[in-house]
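Participant: Fold the following, please.
(chains A and B)
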There are 2 protein chains.
Amino acid sequence: MVLTVLCGGVGAARLVTGLSQVVEESALCCVINVGDDLVVHGLHVSPDIDTVTYTLAGLHNEATGWGVTDESWRVMDELAEIGGPVWFRLGDRDLATHLYRTGRLRGGTSLADVTGELARARGVRATILPATNDVLATMLTTKSGERLSFQEYFVARRHDVEVSKVEFLGAADSRPAPGVLEAIRDAEQVIVAPSNPLVSIDPILAVPGIAHAVASRRDDVIGISPIVAGSAIKGPADRLLRELGHEASALGVARLYEGLVGTFVIDERDESHKGAIEGLGMQCIVTDTMMTDRGRAGALAKVIHDA
Amino acid sequence: MVLTVLCGGVGAARLVTGLSQVVEESALCCVINVGDDLVVHGLHVSPDIDTVTYTLAGLHNEATGWGVTDESWRVMDELAEIGGPVWFRLGDRDLATHLYRTGRLRGGTSLADVTGELARARGVRATILPATNDVLATMLTTKSGERLSFQEYFVARRHDVEVSKVEFLGAADSRPAPGVLEAIRDAEQVIVAPSNPLVSIDPILAVPGIAHAVASRRDDVIGISPIVAGSAIKGPADRLLRELGHEASALGVARLYEGLVGTFVIDERDESHKGAIEGLGMQCIVTDTMMTDRGRAGALAKVIHDA
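Facilitator: Predicted structure coming up:
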């Protein structure tokens, strides 16, 4: 039996390392958002896939919050020297991943297959799947009418602009990567990681067939709130929720998952939301959701797995 | 008045540094072979353009014969670690060039414009032009019928296969990069560098219009033999000449340039060829052509410029 986890980046990666303490790592299947993917310098970068893979491999750079440990910056320093664009910083070790991926994609290998190759090369035993092999790009429109790719919004603008709309370009024509629907159908539990619901989980659910597959498993679907006491643990989820007309709270997130999630896990600090969440027809588990270290991630994973 | 130099890689780069001692560097225009260009890991690499640029910038790595000085190999080491292809080794500093070029090309900038930007970024004052902005790929067919790109032949096979045919894919549909025909037309002298005639100079001449422009300036065109005493200074020129039915000698090269070159410069060791070369209707200058250091490159350049 497997646990299938719908994943964004850092929050999901932490949860997955927790789950790997509760079940065999090989029993985990991560279905990962690709809406943040970008092509920079001609290289295909998949930030969420890499964050989950590096974290499971024990290579995640805790200092930067992205990329690889023991990193160096020779290429970026030289690129800055010659006046190239360095707003999206890629370390030397990390670049090897993007060179590998890009070369294989250009040779006709699918993103799912390359992702599997890279995970195995890093010693990861979990199954790592992109939500789709097709191009699906998260685009944000700002209040002033600008249209930004996710990384322009997140990195170049440091998510410091007001957003009026989120779209997933290409989603309507995309298909789930091979194995994704089966992993959702056959899993013991389907877990919605504590990732940004609007720009990490929604672009997974936007791939035709995935939301339906999740809804079909509703009783076995467990979501974890990425909002604790009204704030995102990391990133702009709270702000985005408000800007797009939602409540920036555990309850606000639960509402977004109505019909998909049978059980919702919220932090102790949000216990007051329990009743309202149960009113949505979900079970609600209140626990410590702060995965500030490996042990706490394992403890949260145990609560989830025992649910 | 400018000197326009038709260039391959290392031999041409040495000559150009010599010429920069004889005239202002800004009076030099290098028209460079792109038949060796390749896309590797999705990155556009232009080996001859980079060799000339790095050499003029004083950055050429004399130890490897390609790439940049003070180089490190963090990316390639990591790529090897994850099982990626490392047959075409790109150093960390060198990679910055390819990232810059690839990003700009994907953004719609022409190869000529990117090449100019990179040259200026490196402090090069000479004009560096690709022969064409279009795709022109040198392909070699081996005696056993295999078809290899130039870098597969040169790097992966270490030019240790017998060649039966050389072709320049895309040449018929290519156009000279903007400024190339003017640089040939208006130059004080047009210099054919001591590069491989079959795989460095021929792919330049294969761009429609360039050979005609050079022939129109024949009296002011000076070639330098890359073959000295029957051997190539560097690379497989001697072997390729023989395999493709030519004489591997200064005279053999002179025959290939008949109708294009008014003056041919050969090494003192090949003085016996002088009469036969003059018999082709060329002037023949005999001098020391071995550019083993900057001073000797300058001395050869002076002989050329005074011709």
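Participant: Let me see the mean pLDDT of stretch A:92-105.
Facilitator: Average pLDDT, stretch A:92-105: 98.
Participant: can you tell if it touches chain B?
Facilitator: Yes. Stretch A:92-105 is in contact with chain B by Cβ under 8 Å from any Cβ of the partner chain, via A:92-93, A:95-97, A:99-100, A:102-103, A:105. To be clear about C-beta, it is placed using only N, CA and C from the backbone, and glycine gets the same treatment.
Participant: Can I get that stretch in PDB, CA atoms only?
Facilitator: This file holds the C-alpha atoms of stretch A:92-105, laid out as PDB (Å, rounded to 0.1, in the frame of the first residue of the first chain):
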ATOM      1  CA  ASP A  92      26.900  24.900  -9.400                       C
ATOM      2  CA  ARG A  93      25.800  21.600  -8.000                       C
ATOM      3  CA  ASP A  94      22.100  22.400  -8.700                       C
ATOM      4  CA  LEU A  95      22.900  23.400 -12.300                       C
ATOM      5  CA  ALA A  96      24.000  19.800 -12.900                       C
ATOM      6  CA  THR A  97      20.400  18.700 -12.300                       C
ATOM      7  CA  HIS A  98      19.100  21.300 -14.800                       C
ATOM      8  CA  LEU A  99      21.700  20.400 -17.400                       C
ATOM      9  CA  TYR A 100      20.800  16.700 -17.000                       C
ATOM     10  CA  ARG A 101      17.000  17.400 -17.200                       C
ATOM     11  CA  THR A 102      17.200  19.700 -20.100                       C
ATOM     12  CA  GLY A 103      19.500  17.400 -22.100                       C
ATOM     13  CA  ARG A 104      17.100  14.500 -21.600                       C
ATOM     14  CA  LEU A 105      14.000  16.500 -22.300                       C
END
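Participant: what does it rub up against?
Facilitator: For stretch A:92-105, contacts defined as Cβ atoms under 8 Å, 6 or more residues apart in numbering or on different chains pick out A:42-46, A:50, A:67-68, A:70-75, A:90, A:111, A:113-115, A:117-118, A:121, B:40-43, B:72, B:74-76, B:78-79, B:81-85, B:92, B:95.
Participant: Take those and keep only those in strands.
Facilitator: Those of those mapping onto strands are A:43-45, B:40, B:43, per DSSP state E.
Participant: what's the neighbour count on A:Lys165?
Facilitator: Using other Cβ atoms under 10 Å in any protein chain shown, A:Lys165 has 12 other residues around it.
Participant: Kindly report the same for A:Glu62.
Facilitator: A:Glu62, neighbours per other Cβ under 10 Å, totals 8.
Participant: Against A:Thr17, how distant is it?
Facilitator: Using Cβ to Cβ, to the nearest Å, A:Glu62 is found at 12 Å from A:Thr17.
Participant: Equivalent analysis for A:Lys143, please.
Facilitator: In this view, A:Lys143 and A:Thr17 are 37 Å apart by Cβ to Cβ.
Participant: Neighbour count for these two, which is higher?
Facilitator: A:Thr17 (22 against 11).
Participant: host element of the more buried one?
Facilitator: helix A:10-19 (DSSP states H and E).
Participant: pLDDT (mean, whole number) over that helix?
Facilitator: 96.
Participant: for the helix or strand following that helix, the distance to its chain's centre please.
Facilitator: Of the helices and strands lying after helix A:10-19 in sequence (DSSP H and E), the nearest is strand A:28-32. Strand A:28-32 sits 10 Å away from the centroid of its parent chain (Cα atoms, centre = their mean, to the nearest Å).
Participant: other SSEs contacting strand A:28-32?
Facilitator: Applying 3 or more Cβ pairs under 8 Å, 6 or more residues apart in numbering or on different chains; DSSP states H and E, one finds that strand A:28-32 makes contact with strand A:3-7, helix A:10-19, helix A:47-56, strand A:127-130, helix A:180-186.
Participant: Can I get those in CSV including distance to A:Val303?
Facilitator: As requested, the helices and strands packed on strand A:28-32 are exported to CSV (distance: least, Cβ to Cβ, whole Å):
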stretch, distance to A:Val303
strand A:3-7, 13
helix A:10-19, 10
helix A:47-56, 20
strand A:127-130, 23
helix A:180-186, 21
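Participant: will you turn these into JSON lines that also has distance to chain B?
Facilitator: As requested, those are exported to JSON lines (distance: least, Cβ to the nearest Cβ, whole Å):
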{"stretch": "strand A:3-7", "distance to chain B": "21"}
{"stretch": "helix A:10-19", "distance to chain B": "19"}
{"stretch": "helix A:47-56", "distance to chain B": "11"}
{"stretch": "strand A:127-130", "distance to chain B": "14"}
{"stretch": "helix A:180-186", "distance to chain B": "24"}
